[in-house]
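[1] compute the structure for the input listed below.
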Amino acid sequence: MEPVASGSTHTDPTPSSPSTSPPPPSRYESQKRRDWNTFLQYLRNHKPPLTLARCSGAHVLEFLKYLDQFGKTKVHVATCPFFGHPDPPSSCSCPHKQAWGSLDALIGRLRAAYEENGGRPDSNPFAARAVRIYLREVKESQAKARGIPYEKKKRKRSATVTTVRLDVDLTKGIVGAGSNGDSPATSDAVLPLG
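    Here you go, the predicted structure:
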């Protein structure tokens, strides 16, 4: 290697070599990493501090409830005159909370991150039954409070294909037809070709 003159910058001896840096993480992967780091910070700040190994579904629920203070979705209480109205005519003092869809997506990312960081699927606190029940209750209560029902997306049904078998005698036309493997029709009718 040749010495570099003072004041000059050293360059890579093979400037035309392709860059081997990995592609930047996807938006999902970046958000998952941020969510994971936020959860780990929450565990460190917990009183008393918690380790990931001692974390349970109950701690995950505490975390979700803690996040409500940063929510932007107005959730009307049952005594509010706007309870059940999707577009209230004026403001009220009901609390803002995290939207159900945001919590559901967050739990999905944290569930994946837990396992990617060495956690066993059978001990994943984000997959705990209590967390699933809590998310369902939040979904239902927010739907009632806002007057907006959450409906499952209906899967598109695949088109049903019916096969038809035609027996063709080129001198006579179509002699008989059957569907889905049935024997040809016994009709004496002959349909002309063409």
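[2] hey, where'd the helices end up in this structure?
    27-45, 57-67, 100-116, 129-146 (DSSP state H).
[3] quick one, what contacts the closest residue in space to Lys97 that isn't next to it in sequence?
    Distances taken as CB to CB, 6 or more residues apart in numbering put Gly71 closest to Lys97, at 4.1 Å, once the chain neighbours are dropped. The way it works is simple: take the backbone N, C-alpha and C, and place the C-beta from them, glycine included. Residues near Gly71 by CB atoms under 8 Å, 6 or more residues apart in numbering: 95-99, 102.
[4] and Ser123, which of the helices of the chain is closest to it?
    helix 100-116 (8.9 Å; CB to CB).
[5] what about the chain, any weak spots by pLDDT?
    Within the chain, the ranges that satisfy pLDDT under 70 run 1-19, 148-194.
[6] ok, 80 please
    1-19, 146-194 (pLDDT under 80).
[7] how close does the residue nearest to Lys97 get to Pro121?
    29 Å (CB to CB, to the nearest Å).
[8] sorry, back to before: out of the contacts of Gly71, which end up buried?
    97-99 (16 or more other CB atoms under 10 Å).
[9] what's the closest of these to Asn117?
    Closest to Asn117, out of all of the buried ones among the contacts of Gly71 and judged by CB to CB, is Gln98, at 23.2 Å.
[10] any idea how far the closest one is from Asp104?
    10 Å.
[11] do Arg34 as well
    17 Å.
[12] and those two? Which one has more around it.
    For Arg34 and Asp104, the more surrounded residue by other CB atoms under 10 Å is Asp104, and the numbers stand at 15 against 11.
[13] which residues touch that one?
    Asp104 neighbours (CB under 8 Å, 6+ apart): 135, 139.
[14] how about 6 Å then?
    Leu135 (CB atoms under 6 Å, 6 or more residues apart in numbering).
[15] coming back round to it: in strands, which of the contacts of Gly71 appear?
    With strands defined by DSSP state E, the entries of those inside them are 96-97.
[16] how about CSV for the contacts of Gly71, with distance to Pro48 added?
    Shown next, in CSV, are the contacts of Gly71 (distance: CB to CB, whole Å):
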residue, distance to Pro48
Pro95, 28
His96, 29
Lys97, 27
Gln98, 25
Ala99, 31
Ser102, 29
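[17] and the contacts of Gly71, which is closest to Cys80?
    Once CB to CB is applied, the member of those that ends up nearest Cys80 is Pro95, at 10.3 Å.
[18] dihedrals phi and psi, the closest one?
    Backbone geometry at Pro95, expressed as degrees, to the nearest 10, gives phi -70, psi 160.
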